[in-house]
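**Student:** Have a look at this prediction, sequence included:
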Amino acid sequence: MKQTPLLEIQDLSIGLKGDNIEYDIVRNVNFSINPNEILAIVGESGCGKSLTALSILGLQASPPLRITSGSIKFGDRDLTKLSQEELRSVRGAEIAMIFQDPMSALDPMFTVGTLLKSAIRAHKKVDDATAEKISLESLADAGIEDPRRRLAEYPFQLSGGVSQRVMIALALVNNPKIIIADEPTTALDVTVQAQILERLKDLKKERGMSIMLITHNLGVVASIADRMAVMYTGEIVEIGSVENVFGKPQHPYTNGLLGAVPRLGTGSAELIPIIGRVPQPDNLPSGCTFVDRCGRAVEKCSTQRPELVSQGSVDVRCFNPFK
Amino acid sequence: MLMNLLHRARKNKQLVSGSILAAVIVVLGVFGPFLLGDYSSQDLLTGHLPPRTSGYLLGSDALGRDIAARAVVGIRISLFVAISVTAIAVIIGTAIGLTAGYVRGAIDNFITLIVDFIWGFPLILVAVLAAASIGSGLLPVILAVGLVNTVAIARVVRGEVLGLTEKEFIVAAKAGGYSTVRILSKHLLPNIMPVVLVLSSYYVAVAIIAEASLSFVGLGAQPPLPSLGQMVSDGRGFLIMNHWESTVPGVVIFIMVLSVSLIGDGLRDLLDPRLRTAVERASSK
Amino acid sequence: MKSIISRVISTLLLLLASSLAVFAAIRVSGGDVTAARMPASASAEDRELFRHQIGLDQPILKQYVTYMGNFVTGDLGNSLTSNAKISTLAGEKIRNSLILGGSSILIVFVVGVPLGMIAALKRNTWIDTGVTSFSVAGMAIPNFWLALLTIYLFASTLHWLPSGGQGGFKSLILPALVLSAEGIALTVRMTRSAMLENIGQDFVRTLRAAGLSERRIYFKHVLRNSLLPIISLAGLRVGQVVGYALVVETIFGWPGVGQILVNGVLRRDYPIIQFFSLLLVIAVTLGNLLASIGYTLANPRLRK
């Protein structure tokens, strides 16, 4: 049963333009986020996943980087066509974003309370008492134990886990429909990671939100995501439900990724790395970009670029996927 | 790596323009006096002559002295003070800073106490006090500028060393059993040099202005030595009719300071954007 | 609070040490005090007698104690050249220098900070290039030359402003501007660089993602973060003003502490030198203290 997606990204390309350089980093990306789901975008550093996420709210570093084609449909608007001023009404209110390093992502000169209230006031006029109430609720929803105490504290006084929760609270204050989480747990200790992820999963249920989770950590994907998209060199190479992709990866890259991760319970004790290196965006091979590292390459892989096609339960970009 | 550095240097507008100006100044200062002859011969009958009169390229002052000839000697004086003082300050200051930052403990506390004490005084005040105690002349200027520069450099070097000793590569060197001297010279020094270089260019500029200011009020180089600052002061009374007596040395000072500042800025952009904070903290003095 | 008290105490100690240093520097001099007061034909015995009368033949520490004792009771000695009581002179000179110095510091920050902010906002446009070049040049112009230039222009040629002396507001304009020139340039550069550095920080992206307007982000958050180095600069500025005031007051004939000190040095008037250099040292030290207190108060990390 197909639902209307909350966010639809169609044919999105994001490029870099400098003196003497011009090339696309994100190339013709297509995916949607449905209501009430957690979609994970997975890939190694440099594959374009963070850039894609940033571009949804227009947060990419705009002089060198810009959206070169495609659309981002949210409701009845195309976010790529909105001005900065118009985007402001979406940012933090309908779509919120949390970032990787919480310790440096909060303004050190203001208290947690002031920051939360600023985020609230950016979108609606409320009196101080209401703003405080909303802030306390959001802090509690983010899993913070003594919210009132935290209101008066400065970011430098918070631990990594607590500051990430404050960031989550910041994202929650205006009740967004989607939260984009860019590597939210990468900078945190392992135990704290699990707690934060659990909280995010619960929030999806409690608030009926969707979450777009950017990560390079497959364990994170396995623990909370519903669907996942694998990105390589700026394009999506496989996308489907987590069950299907993990259970039976069809793209050779996905297969390699999963084989390179140590897993308990499977018979093999060997880690199988993917040979070769990721090609640079300004020097991509013609045809399939994975061709030099692929064990299943056939002749047309070097000359033709494969499209993302449905292979039953998942979509794969490959001429010779695993069946 | 060096080739890359040189290439970037050539592209840096500030560095290039500053160096060209500086080269002109240095050439004038070094060769000028030989070419332009006597700077102190007076000709009271001639008095003020405007620039471009034959024989007097930049005119003459109230006492009939050739301004161009005096100016180039003035350049020499300024360069001498600024460069010699800064060179000594760099050597001594770096040594002090390295010691304080690396050895730490009581020695560091002692050094920091003295350094901070002196650093609190504005340069011109120190120079005025020096002139008050030893008498006017170039010597108090050199002492004062030297002292303040040394202390400033020591402070910055110490700060940098403190930051660097925490870094892994120093810890690794120590663990590897390298001798202290080796660590200091091969590992710390090359990392400190960029900051010191940029800072000293700033202080050369400060030294030039300090020497000129002091000569202007009469506390610096004494007549007949034609310090640029003093030349400006001599020309004060004639600004309306014969302004070049003051204008020429003033412009020369301006060009000297400008060139040094440009070189300093260019070096800073070139060597490392990270340096900016350290240098600006220190040069906000 | 505790750190502020300890800082005040160490400042007092610093002042004491500075006064001793200044005292020693001057007394130790090889210059001849008597030259200022006695005719050139005076004999050696007369000079020795004079020295004894002033108390210069005592050991230095004893002189220092005597001096400090007098200082505390208000007896600041007399000028060797004019024989005026320094305590009477002091009030007027201090007041004049405070007016000049205070105006200058005000101008520097009221003009410099906004200009720096504009330059950072309009980075790489002609506005920015203009402002930055102006400030590079501003720091290179020797202030005494600038003083002469402005006197020539505004006083001698245009006759808009007086060329010297302390004659009310009009005579304050030129010296205050000249004194501020280099400070404005420095403040513009520091503000611009602090603003630019902070605009690129992660927290700005978080605020943007939360939907705050660029204006609010810039003027509230980036500015607040940039204030720290600006506050340090403010305190250090006092020291710089003191130094440059020596020259500026002399050129403009502004009857302040700087002018009287410079004249005192030229004429070897020791009591004058002694007192007024001490005054300047106090001013500088207080400025540094205020700056460091201000910095502590402004930085939440240090407040807790």
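**Tutor:** In hand now; what should we look at? Residues are numbered from 1 along each chain as shown, chains lettered A, B, ... in the order given.
**Student:** need the helices for the chain, in chain order.
**Tutor:** Using chain A. Along chain A, counting by DSSP state H, helices occupy A:49-56, A:84-90, A:102-105, A:112-121, A:128-141, A:147-151, A:160-172, A:190-207, A:218-224, A:242-247, A:252-259.
**Student:** wrong one, I was asking about chain C
**Tutor:** So, for chain C - with DSSP H - the helices run C:2-27, C:34-37, C:44-54, C:60-73, C:86-121, C:126-140, C:143-150, C:169-199, C:202-209, C:214-216, C:223-252, C:257-266, C:270-298, C:300-303.
**Student:** Could you check which residue of the stretch 151-300 of chain C lies nearest chain B?
**Tutor:** The stretch 151-300 of chain C approaches chain B most closely through C:Gly243 (3.3 Å), counting by C-beta to the nearest C-beta. In this view, the C-beta of every residue, glycine as well, is placed from N, C-alpha and C.
**Student:** From what I see, that residue and B:Leu129 are in contact.
**Tutor:** No - with contact defined as C-beta atoms under 8 Å, C:Gly243 does not count as touching B:Leu129 (11.5 Å).
**Student:** Alongside chain A, which residues does chain C contribute?
**Tutor:** Contact residues (C-beta under 8 Å from any C-beta of the partner chain) of chain C with chain A: C:201-203, C:205-214, C:216, C:221, C:224-225, C:300-301, C:304.
**Student:** residue contacts, A:Thr303?
**Tutor:** Counting by C-beta atoms under 8 Å, 6 or more residues apart in numbering or on different chains, A:Thr303 makes contact with A:286-287.
**Student:** go again using 10 Å as the cut-off
**Tutor:** Taking C-beta atoms under 10 Å, 6 or more residues apart in numbering or on different chains, we find A:Thr303 in contact with A:285-288, A:291.
**Student:** quick one: which of those residues is nearest C:Glu92?
**Tutor:** Comparing the contacts of A:Thr303 against C:Glu92 with C-beta to C-beta places A:Pro285 closest, at 83.6 Å.
**Student:** Flag every buried residue along stretch C:122-131.
**Tutor:** Neighbour counts over stretch C:122-131 (16 or more other C-beta atoms under 10 Å in any protein chain shown) mark C:128, C:131 as buried.
**Student:** again with stretch C:78-91
**Tutor:** For stretch C:78-91, burial by neighbour count (16+ other C-beta under 10 Å) applies to C:78-80, C:86, C:89-90.
**Student:** Now do it: distance from first to last residue.
**Tutor:** 14 Å (C-alpha to C-alpha, to the nearest Å).
**Student:** go on, stretch B:116-128?
**Tutor:** Stretch B:116-128 stretches 20 Å from its first residue to its last (C-alpha to C-alpha).
**Student:** Name the residues of it that come out as buried.
**Tutor:** Residues B:118-128 are the ones in stretch B:116-128 that count as buried (16+ other C-beta under 10 Å).
**Student:** and if you look at stretch C:274-288?
**Tutor:** By 16+ other C-beta under 10 Å, the buried positions in stretch C:274-288 come out as C:274-281, C:283-285, C:287-288.
**Student:** Make TSV out of those and add distance to A:Lys323.
**Tutor:** Converted to TSV, the buried residues of stretch C:274-288 look like this (distance: C-beta to C-beta, whole Å):
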residue	distance to A:Lys323
C:Gln274	97
C:Phe275	97
C:Phe276	94
C:Ser277	91
C:Leu278	92
C:Leu279	91
C:Leu280	88
C:Val281	86
C:Ala283	85
C:Val284	82
C:Thr285	82
C:Gly287	79
C:Asn288	76
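**Student:** ok, these vs chain A, which is closest?
**Tutor:** Of all those, C:Asn288 has the smallest distance to chain A: 23.3 Å, by C-beta to the nearest C-beta.
**Student:** That closest one: what's it in contact with?
**Tutor:** Per C-beta under 10 Å, 6+ apart, neighbours of C:Asn288: B:116, B:119-120, C:7, C:11, C:14, C:232, C:235-236, C:238-239.
**Student:** repeat that for 6 Å
**Tutor:** Residues near C:Asn288 by C-beta atoms under 6 Å, 6 or more residues apart in numbering or on different chains: B:120, C:235.
**Student:** separation between it and C:Leu14?
**Tutor:** Computed as C-beta to C-beta, to the nearest Å, the C:Asn288 to C:Leu14 distance reads 9 Å.
**Student:** so where do the helices sit in chain B?
**Tutor:** For chain B, applying DSSP H gives helices covering B:2-11, B:13-36, B:67-103, B:105-119, B:123-134, B:138-165, B:168-175, B:180-182, B:189-217, B:228-234, B:244-271, B:275-283.
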